[in-house]
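A.B. asks: Need the 3D shape of this:
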Amino acid sequence: MNKKKARETNSLWPFYSLAAVLMRRFGVLMLGAVVVVSGIVVAYQTHQHRQATIAFKQLQDEQTALDLQWQKLRLEQSALAEHSRIEQLAEEKLKMKHTDNADEIIMKPALRSKE
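C.D. replies: As a prediction, this is how the structure comes out:
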């Protein structure tokens, strides 16, 4: 019985050896293809990461510029809203002035009689 199995195996030996050679070569080719594709994917991902980093830095620079502009606008607003400036504009443009104590008239409310 062992001889029969040995003969069957020997008769199939060329097929097995051919299949093994093809599988080895196909495996090596597949492994090479996987390595090449993996390298391309890594290069593409690195490029995408660099592009995203550049865009992020540009947005940070824009935010910094906008913050500086906002601070300048707040300073300008506080300067324009200063009381001495408003008083000066009122005197120059609207010809307004402070009243003197002599010009003030204080009116007291009249008391109603309770009838």
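A.B. asks: which secondary element of this structure has the worst mean pLDDT?
C.D. replies: Scoring the helices and strands of the chain by mean pLDDT, DSSP states H and E places helix 83-93 at the bottom, with a mean of 84.
A.B. asks: can I get the CA coordinates of that helix in CSV?
C.D. replies: Extracted C-alpha coordinates of helix 83-93, given in CSV (Å, rounded to 0.1, in the frame of the first residue of the first chain):
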residue,chain,number,x,y,z
HIS,A,83,-14.8,111.9,26.4
SER,A,84,-12.3,114.7,25.7
ARG,A,85,-12.5,114.1,22.0
ILE,A,86,-16.3,114.0,22.0
GLU,A,87,-16.3,117.2,24.1
GLN,A,88,-14.0,118.9,21.7
LEU,A,89,-16.1,117.9,18.7
ALA,A,90,-19.2,119.1,20.4
GLU,A,91,-17.6,122.5,21.0
GLU,A,92,-16.1,122.9,17.5
LYS,A,93,-18.8,121.5,15.3
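A.B. asks: what does it rub up against?
C.D. replies: Helix 83-93 has contacts (C-beta atoms under 8 Å, 6 or more residues apart in numbering) with Ala79, Met96, Lys97. (Each C-beta comes from the backbone N, C-alpha and C, glycine too.)
A.B. asks: Could you measure from the last one over to Ile106?
C.D. replies: From Lys97 over to Ile106 the distance is 19 Å, taken as C-beta to C-beta, to the nearest Å.
A.B. asks: now do Lys72
C.D. replies: Lys72 is 46 Å from Ile106, by C-beta to C-beta.
A.B. asks: again, but for Ile40
C.D. replies: From Ile40 to Ile106 the distance is 91 Å (C-beta to C-beta).
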